[in-house]
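Enquirer: what would the 3D arrangement of this be:
(one chain, ligands or ions: 1)
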Amino acid sequence: MSWLTNIPPKIRALVTKPDVPDNLWQQCTACEQMIFHRELDANLRVCPGCGFHMRLPAEQRLKTVFDDETWEKLELPGCVNDPLKFRDRKRYSDRLKDNRSTTGETDAIMAAEGKIGGMGAVAAVFNFSFMGGSMGMAVGEGILVAARRAVESGVPFLIFPSSGGARMQEGIMSLMQMPRSTIAVQEVREAGLPYIVVLTDPTTGGVSASFAMLGDITIAEPGAVVGFAGARVIEDTIREKLPDGFQRAEYLYEHGMVDMVVKRHDMRETLIRIIDLLTNRRSTPDMPVQSQLPPPETAETGPAE
Ligand SMILES: [Zn+2]
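Expert: Residues are numbered from 1 along each chain as shown. Next up is the predicted model:
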């Protein structure tokens, strides 16, 4: 028995720490600053200290994008659960059950239709907290349903991947989602509608090898890891040290894989401007469409000799 049990409760209360729920504070993975969770949510889960972009749950992502935080959630058809009766450390069917009860979602994707800057759009968002956002049959189906809704409504299709890649528990069925999601993108393209991809941390594996790299415009969030195989695997294979910032959004932008790196706080405005330009519709007739490009160099501001 601990000697503490002999101390009267009132005195014990003075020396023991009060119960503080751990989830009130979150530590920034980049600068290690402790941030109050409400402050973090209010700042769209961007660290107020160093600007590090933490992962954003699907629902919160939709809130940051659609007008008045309102949208119509698309019903995604159910799929066969665990077709291979797969088992690793745990049964896949049990893993699905656990993830469904903790996230409240049926799988790793959510799709919605709403308005962005007064213009219609369909958005599909990955939920990384559901089995690492892995792409199985349900995710492939979700992309297809969302893309077809965009075609039906004649509106742009936006996708926000955040995924570790294919879902190995579904074997070949999960790999088949790569061509399947590519066909979904093709249907949007054939309808002459814009397809915009916002790469969020992380976009890797089969997801980066299919629909995520096919955007008419490819945007990435700052610091997002985007690549096919992991950096360590590549280093071990080629036996070379990879450059700093390899597979990060900024590196990909410098090497022409990404069109723009946009901070989460500027994402909605950027999407409005892009949709406006690509669809040739003005959200508000008197609002001038500003170009992202710097003004052309004149003789006075040209490079010094
Ligand atoms: Zn930070």
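Enquirer: flag every residue of the stretch 51-200 of the chain that's near the ion.
Expert: By CB under 5 Å from the ion, the residues of the stretch 51-200 of the chain that approach the ion are residue 52. From N, CA and C alone the C-beta is placed, and that goes for glycine too.
Enquirer: burial of the closest residue to the ion within the stretch 51-200 of the chain, as a residue count?
Expert: Closest residue of the stretch 51-200 of the chain to the ion, CB to the ion: residue 52 (4.4 Å). Per other CB atoms under 10 Å, the neighbour tally for residue 52 reads 17.
Enquirer: list the contacts for the residue nearest to it when sequence neighbours are not counted?
Expert: Leaving out its chain neighbours, the residue that sits closest to residue 52 by CB to CB, 6 or more residues apart in numbering is residue 30, at 3.7 Å. Residue 30 sits next to 47, 50, 52, 223 when contact means CB atoms under 8 Å, 6 or more residues apart in numbering.
Enquirer: distance check, the first one against residue 144.
Expert: Distance, residue 47 to residue 144, using CB to CB, to the nearest Å: 36 Å.
Enquirer: cool, the second one as well?
Expert: Taking CB to CB as the criterion, residue 50 is separated from residue 144 by 39 Å.
Enquirer: of those two, who's got more company?
Expert: More neighbours surround residue 144 than the other of residue 50 and residue 144, with 21 against 11 (other CB under 10 Å).
Enquirer: tell me which element the more buried one is part of?
Expert: Using DSSP states H and E, residue 144 sits within helix 137-153.
Enquirer: point out where the stretch 1-150 of the chain drops to low pLDDT.
Expert: 1-7, 12-22 (pLDDT under 70).
Enquirer: and the strands in it?
Expert: For the stretch 1-150 of the chain, the strands defined by DSSP state E, counting those that start in this stretch cover 25-27, 34-36, 71-73, 109-116, 119-126.
Enquirer: ok, residue 96 touching residue 82?
Expert: Yes: shown here, residue 96 and residue 82 form a contact pair, counting by CB atoms under 8 Å, at 6.9 Å.
Enquirer: more crowded one of those two?
Expert: Between residue 96 and residue 82, residue 96 has the larger neighbour count (other CB under 10 Å), namely 19 against 16.
Enquirer: OK, contacts around that one?
Expert: By CB under 8 Å, 6+ apart, residue 96 lies in contact with 81, 82, 131.
Enquirer: so what's the residue nearest to residue 77 when sequence neighbours are not counted up against?
Expert: Excluding the flanking residues, the one nearest residue 77 by CB to CB, 6+ apart is residue 141, at 5.9 Å. Residue 141 is in contact with 76, 77, 79, counting by CB under 8 Å, 6+ apart.
Enquirer: sec struct for whatever residue of the stretch 201-305 of the chain ends up closest to the ion, please.
Expert: Closest to the ion within the stretch 201-305 of the chain is residue 223: 10.7 Å, counting by CB to the ion. Classification of residue 223 by DSSP: H, G, I helix; E, B strand; the rest coil places it in coil.
Enquirer: kindly report the same for the one 3 residues further on.
Expert: In terms of secondary structure, residue 226 is strand; the call rests on three-state DSSP.
Enquirer: thinking again about what came up before, any idea how far the residue nearest to residue 77 is from residue 107?
Expert: 9 Å.
Enquirer: with residue 137 instead?
Expert: Residue 137 sits 9 Å away from residue 107, going by CB to CB.
Enquirer: of the two, who's got more company?
Expert: For residue 137 versus residue 107, the count of surrounding residues by other CB under 10 Å is larger for residue 107: 27 against 20.
Enquirer: contacts only, for the closest residue to that one other than its chain neighbours.
Expert: Computed as CB to CB, 6+ apart, the closest residue to residue 107 that is not its neighbour in sequence is residue 138, at 3.7 Å. Residue 138 makes contact with 76, 78, 79, 106, 107, 108, 109, according to CB under 8 Å, 6+ apart.
Enquirer: now the helices for the stretch 1-150 of the chain?
Expert: 9-15, 37-42, 58-65, 92-103, 137-153 (DSSP state H, counting those that start in this stretch).
Enquirer: I appreciate the help and will end here.
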